[in-house]
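Peer 1: Have a look at this prediction, sequence included:
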Amino acid sequence: MEDLKQEGSAKTPVVEFSTSGELLLKGRSIPENSIEFYKPLIEWIESYSESPNSTTVLNVQLEYFNTSSSKCILDVFKKLETVSGSEVSVKWYYEEDDEDMLEAGEDYEAIIDLPFEMIEVEEI
């Protein structure tokens, strides 16, 4: 199995999913077609779950995402919930004055059965 890497753009986040268990989503998520963009990520997690690392951490460093992306991000979290044999957690980064992004992370935390860590940063 290979790592999944996608360059970020003005509309799509950087994706770095490593078989070492370090997963990164960073940037803006406003793709033309969110389902098409997130489909390979979910498929990668599916393959990864067949022989996951002992720990898996999804680092979410999004400065903005639209409504259709929020549903797809939820699907990524739900797929991570199904990874067994690995201690899966989420690190949710938000800028210090971005209440909306903090609340979004808290909303996901309330829905998803994974440990979340909220991390305040100066800038994403």
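Peer 2: Perfect, thanks for sending it. Residues are numbered from 1 along each chain as shown.
Peer 1: Residues in contact with the longest strand along the chain: which ones?
Peer 2: Secondary structure of the chain per DSSP state E: the longest strand is strand 55-65. Strand 55-65 is contacted by residues 13, 21-30, 48, 73, 76-77, 80, 83, 86-93, 95, 98, 101, 104-105, 121, 124 when judged by CB atoms under 8 Å, 6 or more residues apart in numbering. Yep, even glycine has a C-beta here, placed from its N, CA and C like the rest.
Peer 1: ditto for stretch 95-106
Peer 2: 60, 62-65, 70, 92, 94, 116, 118, 120-124.
Peer 1: same thing but 7 Å
Peer 2: Contacting residues not belonging to stretch 95-106 are listed as 92, 94, 116, 118, 120-124 [CB atoms under 7 Å, 6 or more residues apart in numbering].
Peer 1: Next: stretch 112-124.
Peer 2: By CB under 7 Å, 6+ apart, stretch 112-124 touches 61, 63, 77, 80-81, 88-96, 102, 105, 109.
Peer 1: give me that answer again for 8 Å
Peer 2: With contacts defined as CB under 8 Å, 6+ apart, stretch 112-124 is touched by 26-27, 61-63, 74, 77-78, 80-81, 88-96, 102, 105-106, 108-109.
Peer 1: Just the buried ones from the residues you listed, in PyMOL syntax?
Peer 2: A single PyMOL command is used to select the members of these judged buried by 16 or more other CB atoms under 10 Å:
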select buried, resi 26+27+61+62+63+77+80+88+90+91+92+93+94+102+105+108+109
